[in-house]
Structure formats: C-alpha cells, structure tokens
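Colleague: sequence and computational prediction follow.
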Amino acid sequence: MKKFSGTEPKAQHKGASDGATAVQERETTKLVGQSIPRVDAIDKVLGKTQYPGDLSRPDMVFMKVLLARRPHARIKKIDSSATLATPGVMAVFTASDVPCNEYGLIEPDQPVLCGDVVRYIGDKVALVIAQNEHAAIIGRERLVVDYEDLPAITDPRRALDSSALILHAAKKTNLLAQRRIRKGNIESGFTKADVIVESEYVTPHQEHAYLQPEAGLAYLDEQGRVVIETAAQWSHDDRHQIAHALGLPQDQVRVIYTYGGGAFGGKEDVSIQIVLALAAWKLRKPVKLIWDRDESIIGHHKRHPYIIKAKWGATRDGKLTAIQMDLLSDAGAYASSSREVLNNATAMCTGPYECENVWVDSRAVYTNNPTCGAFRGFGAPQVEFAAEMQMNKLAEALDMDSVELRKKNLWRNGSIQATGAPVPEPVGVIKVLEAAARAAAWPVKKSSSKRLETKKRGFGVACGFKNVGYGFGFDEKCTVTLELHGRSEIEKVVVRAGASDAGQGAHTILTQFVADALDVPLEKIQLVTGDTSEADPVGSCSASRLAFMLGQAVRGAAELAKEKWRTQSERPVKATYRFKPRPTTPLDPETGRGDPAISYCYAAQIAEVEVDTATGQVTVLKLISAHDVGKAVNPQQLIGQIEGGAAQGLGWATVEHFVMKDGFVMTPNFTLYLIPTVLDVPEIMNTVVLEDPDPQGPQGARGVGEMGLIPAAPALVAAVHDATGVWFDQLPLTPERVLKGLQSVP
Amino acid sequence: MAKATKTKRASVTVRGPHKMPVHLFVNRQDYELHVEPRRTLLDALRKDLGLTGAKKVCDEGTCGACTVIVDGKPVYSCLTLAIECEEKSIETIEALAQDGKLHALQQAFIEEDAYQCGFCTPGQIMSLKALLDENPNPTLDDVKRAVSGNLCRCGAYPKIFRAGLRAAEILRSKKGA
C-alpha cells in the first residue's frame, strides 16, 4: 500500500506525516499519479473560461420562467394578454405548447410546464420570451394565473395518512418507493445484546449552492438541430429528456456543455434545458436564460431530508448483534432519483459494519416540498450519519473507545454486506480508520486548551463508505473513442468522451489516462467532451464514478487503437471502446438480498471542535481525513476534492440551515442560507491518502468525489458530544439548537 | 412632511430614469457608456463591455464572485452602480496578466490548485490583489480576511489562502531580484 499525506501539496510526495511507509511518487514518466495542473487552469485564472451565463449570440432574446411559488394548487386559468401587450415581449408559452409535457431523470412524472396542478413552489408554469431581459421580467410580472390552493402535504410523516391528498393521481398512493432488508433474526439479535441504543435522527434538506446558477443559450444550428449550450452533469441524458419532451428524434437535439461552475449532484436533473430548447425551437431564435439565485434555490432539487429511527444492539465486548433501521425520506413533489437514493440509503444504513441480524424498512414519499434528488453522497450521508452516531453512542454505553469498537465490527476482506453479497475486495476501511487515528494520535485527551470557561473542546471520529458507480442492477457503461492522427508517429490524439467537468477535474485526469495509455505528451491530446453530437456517452458526472469509468474506457480504447495503428495503414486510426463494470443486482423487494455495488471507497475522519457554551457556536478547529482511493490519479486535485467535500459536510452539520415552512422555502438566498466561508473551515485540514489498489479500477483507482463529505457530520457531532456531553440527533447544529441542547442537561 | 420633502429635494441631483452617459476607466482604457442610472457596475462590465470574468452569483453582495478593484479597493460590483464609478479606476481579472505573463496570484493559484470549478476564482484573485497591492507582507489572517467575503462552494479555501501567501512570496522575490 502506498500512502502520502496531504496537508501541504508540495510536501505530500515526500512522505506520510506519521512516519509509515511512504513512497516517492514521481519515479516514472507516467502522468497518472502526478499533480499536473488542470487542463483548464490558465483560462480559469485569466477569467476567460466561458460558463453558461457568459454565452451570447448577436441576435439572442431572453427568457424568464414563471415558477408556481405555491406548494399545491389547481391552475384555473392563465391570462397572458397583459404580458403579450408588454413592449418587447415576443411570446408566452404554457403547458399546451409542450409537445410531450413530461420529464424526469428516471421516471417522467414531472410536467415541463404545469397545466392543471402545481405540486411545489418550484414547478414551472409559463415562459416569457422578450427582446431583452427587463421586458421578460416585466412581462412575467403581468402574467395572471388564477389558482385554487389545495391542501399541501409538507410533513413526510403525514404523506401516507388516509386523509392525505394523492399528489399523483395515477399512482393512487404517495408512497414513491419502499425497500426492505431482512437478514438473520432481528429478535434473537436483540436478545443476544447486552446494550441497545435507540435514537431518532433528523437530517435536513441541503442546498447545493453551486455558485454558477442554472443558465444556458439555445438556438438552431445550420442543420436545423436545436442546440442547448449549458453546463450540467449528464449531457447525453439531457439530450434524451429534451428530445422526449419536444417529440424530436435524438439526433435533432445537440447538448453542448461548457465548463460548469459547480454541480455536486444538483445539476444531474434537468432544470432549464427543456424550456430553453422549447423556446428556441418554437421561435427559431437564440434564447438565453439565467436563473437568479432565488430561482436556482427554489427551482432545482435538494438533498433529501431523512427521518431515521435506529435501534442497534451489541454485546458487552462490543460485537454488533442487531441493527434495526426505519428510514423515511421526503422525496418532495416528483420522483427525480428518490428511488435510487433510497436504494443507496437502504443498502448503506448499517454502515460498513458486520452484523448477522439486520432489519431495514425504508420509504420515500411524495410531499409538496421541493423535489429532492442527487446531492454528493446520494443517500449515504444521511444514513451513515445515523449509523456512525449509533456506533459512537454504543461506545459510550459500553465504556469502550469508539475506534476500538469500530475495529471489532468493521468490514474486512471476506465480510458479507447486509444484502447478503460479499463486500468487493480489498476492503480498506479498517486501514483508513487506523490511519486517521494515527494522524490524530487517537485517543486524544481533550485537555488541550481552555481559553475561557465557556469554550469546551472535544474530539470525534466517524467512518464512511460509498459505492462507486450506479449499481443496483443498472446497466452502467462508459464509451470513449480515441482518434490517432499522424503517419508513422502519433501527432495528435482526439478523445471523444462526453464527460462533464463541473470543477472536479474530470478533463484533467482524462488527459492523464490518455497520455499514459498511448504514451503521448499532453500537448498532443485534444479533448472533445462537450458536444453530444461529437462525443461518446460516458454517463453522468456523479456517483464517484467518472475517474473509475473513464480510466477503464480509455485503457480499452487505447489498446484497440494501438493495435490498429500497428496493423493497419489507414490514418487516422479510430477506436471506440465501451467499458462495462461488473454487473450488480437490484435488492430483492422482500428480503433486500442483492449485490448492490460495483466497488466501495472508504474514509475515516476525526474532528476537533470548540463549543462556545455561552453562544452555542460550534467551531471546527481541525479535521483529519484518511481515504483509501486505490490510486491517486492527480494527488493535488484529489486532496482538493476531499477538503472541499469535507467543507460541505461540515456546512451541512453546522451553518447550512435550509428552512421550510408550509411548503415554502424561507432561505432562498445566501443571506439566509449560509454556506461555509474561508473562516468556517478548520484551520487545520490534514488529509491522509492511502492507495490500496482496486483490481476493478483503472490502475487501481476507486472513486473519491463524494467521500470527503460523508463522515464529516457524524465526526463533528461526536466531537461536540465529547466537548459537552450532549448528543445532537438533528442537523444542523445551529447555535440555537446547541444552546437548547446544553440547557436540557441538568 | 410635504415641506421637508421639498427642502430635501432642492439638494438632490436627480439622475435618470433614462440612460445617461458615463465615462469608465477600466483596465487602463477609457469607455464612454450610456447606461440607466440603476445599472450596476457588474452589469455594465458584463453586458456593456463584454468583460465576463466577474460573475453574477447572488446579485446582492453575499458571495464576492463579482469582486473588482475600484480605486485600489476591492468592491462587490453587484452593489456598485456604474454611474458611481465615473472618474474612478476600475481593475478586473481580464487585465491582471500583462504582456502575456501571468500575475503572481494567477501563477500561485495554478501552483496551489486553488480552485475547482473556477467560478469564484476571478473574485478571489481580485480580493487578494487588493490586499497584496496594499500589504506585500500579509499574514495568514490577513489573507483569510481578504477573501472572507468570497464564497467558494467547491471548498478550495485551504488552497486559496496558501495561494495568497505564495503570491506574496513570488512578488517579494521579484522585487528583491
């Protein structure tokens, strides 16, 4: 196993801070494993990178979207006469203008424009297109929609009441999905337990808060195809959904991605793509749209809130005997990826721990709250928060060190998941926990500093894991085409791979893989990633999957290309390879049995916090993260991704308070919805990277994109408990909640 | 009440609502614009001058992505009116690199990989430029304070403040040399 420590990127190759085996990384000319600068670096520091909002065309017109801004209502009438009479306004489009008025990432249960009923405040009702943005805004203000408000379901616990209105009539129920795991005998598991810890955890909505709001420019190209320039996470799926709604063949729709200003799962669903395409298609003109911040916050999906009832039992010597979990997920108004998030949450709610007896019931329900979908971690942060809290509480109940307790139960090679399938090997979770504990000199005595009586310090630990790729039986694939130009020597390589880069660095590592696979310098590599008519489908930029899948697809395509280059005289050489990872299976609906994950990645984090008991303020002083990434393709970028993920996890646990009231979002801007600033991240972030190769991944790489976020919240809450003696089972730990919790202690 | 209003009005210069001429000195170049008085500097830069480096993220002074330097001070250009900048010197990210050479901050951001998506980067760099122009020997706290009004959702903060310190080092060594 190779490892290096990442506090200082410059020093990271010199060796691990804890004195363990450190390996010099730059021993070969290979680029995979080296911290080369991003391929987009120069343009980014020059301010030249074009994001969707920066695009323009000379004859473009502007669009504004009328959002419902009410949680549940029947549309009785839309009067657009005043709008159409507004100078500059060119057109108003409503439901009847959409050829096939439905869309959705997995299931098309969402109207492009609502015709009869609006089901949440972010539903789109009408489009106003005008010569300039101001006229579009005025025109939108003059739209008169006559609504009849309907009772709204805003508490997921009430969604299945017999008195609750059914939000999607065709479904006859508000139950969107349910899953079960039945393993062993839960009753006998609890009988064997010496201690049982039972808690209810509440995790909140989280807003992605990517700085680049949804934006795009749509127009018709010289071939008459409708083109949508934007930035999101899955260009080929956007194309599919746009074509479906417009009733066009796929080849009449081109989606072109620019660089994206952040996504984090929030741009996996379609937001503005279809309405932009519709307007350009109808008007035969370039149409531009940029969402304001509040439109972005109201109009795109969120991280699912979960209510989790957990009951875990263990023997006196710290062996888990029973895990019982009940998960309730607020899906909001439409399906989005709620089922898939629930799959993940169900399979991962036991944490990476062995247990003979597992009983899980999980449900996702429709409500009139904002639609929820993908967000970094995809269900794992919510349930692993509960699982890690349970482990920390069990350690307290057993008077056992929480690292030691974990080590007695953590997966190892040969372990069986709650779903009955073996854990894909090698299983590195004990190693990451040990690495984090070493880096923190665990167990840490908390006597370190007491500047003030009211400031109390504490330390907390948590583990985390996340599957790489979609899993659960999804037919996952990633296709890459390589074109080799030149005669006797390769002069240029064109890489056709529709990979979105929202900042995570996919394009850089793609060039690293290609350079190594073909043994060509970076300068000879030309990426074609943005245009669905030019690039092959690689799947989404999500699920910690892109490095893993791209690396393998490049390896396959490069082998084919080199073979052709040797054996054929025709130039350029073109080779396409479709990588398919090993198949997975869905969970059995009754027992939850199945082989859900291609592979897993692992992390452990240790947080040190200071709690101001006078104000309730929680400050994170230090965060140590240890990750098994299999292979660090670009160590510097990797550490950035881990640190950035951790910042989002700490934000979710502290300052990010998404407030809902009766179906309305009370925090639709950055004045009210706070995200961490430079002063909110820990002074010390120490990242230890382990490289235990995954035989399925390219050069051993696993995924990493989501892992940094996952253990942060439970590690922080454990540290707050260490400091104050109080367990906080609801996120985020706002000062008010902390104070209230502290006051509840006699 | 009516009287008070009247008195007050006498001392107010009314501008607008129609477009009016404004002279902006941006990146060492003169521009004559015709803008509505309500036009923000950010919109003037992005829409009238085509300088899209400064970003519109919140449009209410909470994120810093629109930061530019006006007369040596970093300002949120979304909270600044274009007409307020008459006769003032405005610097944006576009003019930082000169003669094909990156500014030390740009070089340091690349070396330290101080971004991911890059959307906040122009604002971060301009906030730090204002700091380094004034204080060539900043402490870690100075650097953090300088960018404390610049959100980065990718969470590149540790690298951003390392880049700020690194840039100061580069600039000092250039001066020394």
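Modeller: Now that the structure is in, tell me what you want to look at.
Colleague: what residues does residue B:170 make contact with?
Modeller: Neighbour list for residue B:170: B:104, B:107, B:108 [criterion: CB atoms under 8 Å, 6 or more residues apart in numbering or on different chains]. All C-beta spots, glycine's among them, are computed from the backbone N, C-alpha and C.
Colleague: tell me the one among those residues nearest to residue A:105.
Modeller: residue B:108 (39.6 Å; CB to CB).
Colleague: what about the closest one, which helix or strand?
Modeller: Using DSSP states H and E, residue B:108 falls within helix B:104-112.
Colleague: the next helix or strand after that helix close to chain A?
Modeller: Note on helix B:104-112: by DSSP H and E, the next helix or strand toward the C-terminus is helix B:121-134. Yes - residues of helix B:121-134 contacting chain A under CB under 8 Å from any CB of the partner chain: B:121, B:122, B:125.
Colleague: for helix B:121-134, give the mean pLDDT please.
Modeller: Average pLDDT, helix B:121-134: 98.
Colleague: likewise stretch A:211-225?
Modeller: 98.
Colleague: mind listing what's buried in it?
Modeller: A:211, A:212, A:213, A:214, A:215, A:216, A:217, A:218, A:219, A:220, A:225 (16 or more other CB atoms under 10 Å in any protein chain shown).
Colleague: so which of those residues also contact chain B?
Modeller: Among the buried residues of stretch A:211-225, chain B is touched by A:211, A:212, A:213 when using CB under 8 Å from any CB.
Colleague: count the residues that sit near the residue nearest to the last one when sequence neighbours are not counted.
Modeller: With CB to CB, 6 or more residues apart in numbering or on different chains as the criterion, residue A:213 has its nearest non-adjacent residue at 4.2 Å, and that residue is residue A:296. Residue neighbour count, defined by other CB atoms under 10 Å in any protein chain shown, stands at 26 for residue A:296.
Colleague: try residue A:426
Modeller: Around residue A:426 there are 17 residues (other CB under 10 Å).
Colleague: residue contacts, the nearest residue to it once chain neighbours are set aside?
Modeller: Once flanking residues are discounted, residue A:426 sits nearest to residue A:692: 5.4 Å by CB to CB, 6+ apart. Residue A:692 makes contact with A:1, A:426, A:428, A:431, A:628, A:630, A:700, according to CB under 8 Å, 6+ apart.
Colleague: which two in those are spaced the farthest apart?
Modeller: A:431 and A:700 (14.3 Å).
Colleague: for the residue nearest to residue A:213, helix, strand, or coil?
Modeller: helix (DSSP: H, G, I helix; E, B strand; the rest coil).
Colleague: quickly find the element holding the residue sitting nearest the centre point of chain B.
Modeller: Nearest to the mean C-alpha position of chain B, counting by CA atoms, centre = their mean, stands residue B:68 at 0.9 Å. Here residue B:68, judged by DSSP H and E, is contained in strand B:67-70.
Colleague: returning to that earlier point: which among the contacts of residue A:692 end up buried?
Modeller: For the contacts of residue A:692, a burial check counting by 16+ other CB under 10 Å picks out A:426, A:428, A:431, A:628, A:630, A:700.
Colleague: what's the longest helix in the chain?
Modeller: You didn't pick a chain, so chain A it is. helix A:546-567 (DSSP state H).
Colleague: that was the other one, I meant chain B.
Modeller: helix B:157-176.
Colleague: I'd like the average pLDDT over stretch A:356-376.
Modeller: On average, stretch A:356-376 scores 98.
Colleague: and that stretch, how far apart are its ends?
Modeller: Taking CA to CA, to the nearest Å, stretch A:356-376 runs 30 Å from one end to the other.
Colleague: is it true that residue A:416 touches residue A:356?
Modeller: No - at 9.2 Å, residue A:416 does not count as touching residue A:356 under the criterion of CB atoms under 8 Å.
Colleague: avg pLDDT for the helix holding residue B:108?
Modeller: Helix B:104-112 comes out at a mean pLDDT of 98.
Colleague: now that helix against helix B:121-134, angle please.
Modeller: 120 degrees (axes from the mean of the first three to the mean of the last three CA atoms, to 10 degrees).
Colleague: packing partners of helix B:104-112?
Modeller: helix A:41-46, helix B:121-134, helix B:157-176 (3 or more CB pairs under 8 Å, 6 or more residues apart in numbering or on different chains; DSSP states H and E).
Colleague: report the distance from the first one to the chain centre.
Modeller: Between the centre of helix A:41-46 and the centre of its chain there are 26 Å (CA atoms, centre = their mean, to the nearest Å).
Colleague: report the contact partners of residue A:615.
Modeller: With CB under 8 Å, 6+ apart, residue A:615 has these contacts: A:454, A:735, A:739.
Colleague: setting aside sequence neighbours, what's the nearest residue to the second one?
Modeller: Nearest-residue entry for residue A:735: residue A:616, 3.4 Å, with adjacent residues in sequence omitted and distances by CB to CB, 6+ apart.
Colleague: count the neighbours of the one you found for me.
Modeller: When neighbours are counted by other CB under 10 Å, residue A:616 registers 18.
Colleague: sorry, back to before: so how do I select the buried members of the contacts of residue A:615 in ChimeraX?
Modeller: Buried residues within those, by 16+ other CB under 10 Å, are selected in ChimeraX with:
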select /A:735,739
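Colleague: circling back to that earlier point, any idea which of the ones next to chain B among the buried residues of stretch A:211-225 is closest to residue B:136?
Modeller: residue A:211 (29.3 Å).
Colleague: if I look at the residue of the stretch 151-300 of chain A found nearest chain B, how far off is residue B:122?
Modeller: Proximity to chain B, evaluated over the stretch 151-300 of chain A using CB to the nearest CB, is greatest for residue A:261 at 3.1 Å. Counting by CB to CB, to the nearest Å, the gap from residue A:261 to residue B:122 is 11 Å.
Colleague: mutual contacts of these two, please.
Modeller: Contacts common to residue A:261 and residue B:122, judged by CB under 8 Å, 6+ apart, are residue B:55.
Colleague: picking up where we left off before, and the contacts of residue A:692, which of them are in helices?
Modeller: residue A:431.
Colleague: and for residue A:195, nearest residue in space, chain neighbours not counted?
Modeller: Per CB to CB, 6+ apart, closest to residue A:195 is residue A:397, 4.6 Å.
Colleague: and the chain, what are its domains?
Modeller: You didn't say which chain, so I picked chain A. A:53-150+A:214-290, A:306-471+A:587-743 (automatic domain parsing).
Colleague: that answer is for a different chain, and I need it for chain B
Modeller: For chain B, automatic domain parsing gives the domain ranges B:20-95, B:104-176.
Colleague: for whichever residue of the stretch 301-450 of chain A sits closest to chain B, what are its contacts?
Modeller: When scored by CB to the nearest CB, the stretch 301-450 of chain A has residue A:376 as its residue closest to chain B, at 10.9 Å. Taking CB under 8 Å, 6+ apart, we find residue A:376 in contact with A:264, A:265, A:645, A:648, A:705, A:706, A:709.
Colleague: same deal with residue B:135?
Modeller: Per CB under 8 Å, 6+ apart, neighbours of residue B:135: residue B:142.
Colleague: do the one 3 residues further on as well
Modeller: With contacts defined as CB under 8 Å, 6+ apart, the neighbours of residue B:138 are B:131, B:132, B:146, B:164, B:165, B:168.
Colleague: any idea how far it is from residue B:146?
Modeller: From residue B:138 to residue B:146 the distance is 7 Å (CB to CB).
Colleague: on that earlier part again, nearest approach to residue A:470 belongs to which of the helices and strands packed on helix B:104-112?
Modeller: Taking those one by one with CB to CB, helix A:41-46 is closest: 29.8 Å.
Colleague: neighbouring contacts of the helix or strand just after that closest one?
Modeller: Per DSSP H and E, the first helix or strand lying C-terminal to helix A:41-46 is strand A:61-67. Residues outside strand A:61-67 that contact it (CB under 8 Å, 6+ apart) are A:90, A:121-133, A:135-137, A:139-140, A:143, A:145, A:272, A:275-276, A:279, A:283, A:285-289, A:291, A:295, A:298-299.
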